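[1] show me the folded form of this:
(chains A, B, C and D)
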There are 2 protein chains.
Amino acid sequence: MTKRAARAATLTDVARRAGASTAVVSYVMNNGPRPVAAATRERERVLAAAAELNYRPNRVARALRSRTTGVVGLVLADASNPYFGALARHIERALGARDKLTLTGNADYSADRQQDLVERFLAAQVDGLVIVSADGGADVAAEAEAAGVPAVYVHNRPASGHSPVVSADNDAAVHTAVTHLRSHGHDRVAFLAGPHDAGPVGHRRAAWESAVGRTDDTLLRCAYARAAAAALTRDLVARGAMPPALITATDEQAIGVLAGASAAGLSVPGGLAVVSLDGTPDSAHTAPALTVAEQPLRAMARRAVGVLLDGADSASAEAVPPASLIVRRSCGCGSG
Amino acid sequence: MTKRAARAATLTDVARRAGASTAVVSYVMNNGPRPVAAATRERERVLAAAAELNYRPNRVARALRSRTTGVVGLVLADASNPYFGALARHIERALGARDKLTLTGNADYSADRQQDLVERFLAAQVDGLVIVSADGGADVAAEAEAAGVPAVYVHNRPASGHSPVVSADNDAAVHTAVTHLRSHGHDRVAFLAGPHDAGPVGHRRAAWESAVGRTDDTLLRCAYARAAAAALTRDLVARGAMPPALITATDEQAIGVLAGASAAGLSVPGGLAVVSLDGTPDSAHTAPALTVAEQPLRAMARRAVGVLLDGADSASAEAVPPASLIVRRSCGCGSG
DNA sequence: AGGCGCCATGACAGCCGTTTTCACCGCCAC
DNA sequence: GTGGCGGTGAAAACGGCTGTCATGGCGCCT
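    Numbering: from 1, shown residues only, chains lettered A, B, ... in the order given. As a prediction, the model looks like this:
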């Protein structure tokens, strides 16, 4: 057994044991701002003492003194949504690569709860804030800025304000999807948007309009839940109103459409060609597998972290990595 | 514009402005261990001063003095897996209800990285550790215990050690699933396990064996990836070796099986009845919808947080909430 | 009615563990 | 002999909590 968990060893303990001052120990631990003689450092001195005591520097004390915690707050709409989950994982990894810890909170699509989380994170003295919001909400970055904490939005733009935003290039993604479906001979390509035009989905809808020109009967709307998309699909098929080619704003909706089509006896891609715009891991394993314009989540995460930590080099703050088309079966490819 | 972000207001600032001592302000802010006269508290005094200065107590300083950070570390195998994502969300909520913040890290199924995360969290002086590991790894809880930090495993048990564990009742879940499939007239129920018997999946396999008695040709194995399950399914169908009723250890596998069956032209539930054992949100929207023995994620999260924070009341540390059978279509119900 | 002691408040100051400034001390080279 | 210079140590923050002590008013007892 190692010694009882009486109290963790402190820098003072190490210093005493090594017969040096706390300053020297500090210099050794972080290759300090000042040099330390190699002899002092190793030979029967600080390094040895630290090892013997199993010393682990206390980040809280360090944070108090240095006014930087090495912690970044991540406000997430909903970690159980695979799209956000995947994004969160990439953000956490990107942050970890910069030696930051990630404080995560789920806002559950509520603006109030998002606000509350920001408040708590700010009290915890985070070094920065990453906001992944589903539907806007007030610009929490303003509050963060007032506290001197940088903030960046990912995926979605706040309702107002001029905070840095990192999002995929929706125009390019939609254009790619439309072009691909047209190459399958579909001259009319419908679009399944969200219930309203807030957030990235609104931009995607706008991009679609500019790509194909709006025709009222080919703009569909429904909630993001799979069940809603499935119900809409069954209804459209029953009324004979289902267009032959469709782009969905999100994978969730696409999966719902697939489920609805299956239930209604409509074959995909035979009777309906579908392309989605997220590209979550889920999309690879639907039946049939979804063709998607995949969002470069990893690149977005890295860019967001870069913008947050290296200052918003504002010229490039909104630069967007390109979406890539992943061709699977739901568009009509490879199925003869 | 509010005042420049020169420096956040401190308790001392508030005290000075209110004409009181820092002690009094502290007492007011946390309904302190000592009472404060109502007049001092409100009337043109501390509360007013705090509001005017937009004072926000510094959690770092508080943590240093009180030796408790109000932060719990959550080590997750992979946030982009919907099962873990959903679990993470419930854990974060349960912790939030107890006024704790959640430091999240993805181990990406690597024991080394898991170890590294625990190390970092310990240095950050977390008040507790929740470990959601996919495949064991060393018992990191021992290290936490040595540092005086409580830890609890969720979903999976460590390879060794006697740390508290919260997991679903796999025996009951498997039993429920087997019973249900038998009620559909299937006397032989196969089981799709993982590549090896580590972790909860191993327990599920064992539970299945004790429920039906092992028959070699009805124990299947494959990796957890959907693609692997799909490939296995296509292969079995092609060889005419697919059993008529199957329980899968995870939703991911079940979804892969569905995809594989669809590709191979095998109808579900007509030619194959499937029941899965996770019950993630995904399972509700497959085609056909999956019947699952749903794990009570929310209850597991709450129990884990209770065990962690209220001390491992060891008698109940491993008590398990029951899994509930969600009947959908893949088992043969409701499809005629 | 007067004195004593107690309770309710409030103030002071030290402490939590680290970083970092500043001063200091030899020692070597000029 | 003096001016660096590599190395070291004491001590002051950082911001909030809390044990100890001071004070003043009140009630109770005689």
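[2] and the strands in chain A?
    Secondary structure of chain A (DSSP state E): strands at A:71-76, A:101-106, A:128-132, A:151-154, A:165-166, A:190-193, A:219-221, A:245-248, A:273-276, A:291-294, A:324-326.
[3] who's whichever residue of the stretch 151-300 of chain A sits closest to DNA strand C bridged to?
    Per CB to the nearest atom of the strand, A:Ala151 is where the stretch 151-300 of chain A lies closest to DNA strand C, at 24.2 Å. Glycine gets a C-beta too; all of them are placed from N, C-alpha and C. Counting by DSSP bridges, A:Ala151 forms beta bridges with A:Leu129.
[4] I figured it hits A:Leu308, correct?
    Yes - with contact defined as CB atoms under 8 Å, A:Ala151 counts as touching A:Leu308 (7.4 Å).
[5] okay, those two: which has more neighbours?
    Comparing A:Ala151 with A:Leu308 by other CB atoms under 10 Å in any protein chain shown, the one with more neighbours is A:Ala151, at 30 against 26.
[6] ok, the more buried one - contacts?
    A:Gly128, A:Leu129, A:Val130, A:Ile131, A:Val140, A:Ala141, A:Ala144, A:Glu145, A:Ser163, A:Pro164, A:Leu308 (CB atoms under 8 Å, 6 or more residues apart in numbering or on different chains).
[7] then A:Ala159?
    Going by CB under 8 Å, 6+ apart, A:Ala159 touches A:Gly136, A:Gly137, A:Ala138, A:Asp139, A:Ala198.
[8] run the last query once more with 10 Å
    Taking CB atoms under 10 Å, 6 or more residues apart in numbering or on different chains as the criterion, A:Ala159 is in contact with A:Ala111, A:Ser133, A:Asp135, A:Gly136, A:Gly137, A:Ala138, A:Asp139, A:Ala198, A:Gly199.
[9] any quick ChimeraX command for the buried ones out of the residues you listed?
    A single ChimeraX command selects the buried members of those (16 or more other CB atoms under 10 Å in any protein chain shown):
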select /A:133,135,136,137,139,198,199
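[10] could I get the contacts of A:Ala159 as JSON lines with pLDDT and distance to B:Gly19?
    Shown next, in JSON lines, are those (pLDDT from 0 to 100; distance: CB to CB, whole Å):
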{"residue": "A:Ala111", "pLDDT": "90", "distance to B:Gly19": "38"}
{"residue": "A:Ser133", "pLDDT": "91", "distance to B:Gly19": "42"}
{"residue": "A:Asp135", "pLDDT": "75", "distance to B:Gly19": "45"}
{"residue": "A:Gly136", "pLDDT": "68", "distance to B:Gly19": "43"}
{"residue": "A:Gly137", "pLDDT": "72", "distance to B:Gly19": "39"}
{"residue": "A:Ala138", "pLDDT": "79", "distance to B:Gly19": "35"}
{"residue": "A:Asp139", "pLDDT": "85", "distance to B:Gly19": "36"}
{"residue": "A:Ala198", "pLDDT": "73", "distance to B:Gly19": "48"}
{"residue": "A:Gly199", "pLDDT": "74", "distance to B:Gly19": "48"}
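[11] and which of the contacts of A:Ala159 is nearest DNA strand C?
    For these, the residue nearest DNA strand C by CB to the nearest atom of the strand is A:Asp139; the value is 32.4 Å.
[12] surely that closest one is in contact with A:Ile131?
    Yes - assessed by CB atoms under 10 Å, A:Asp139 is found in contact with A:Ile131 at 9.3 Å.
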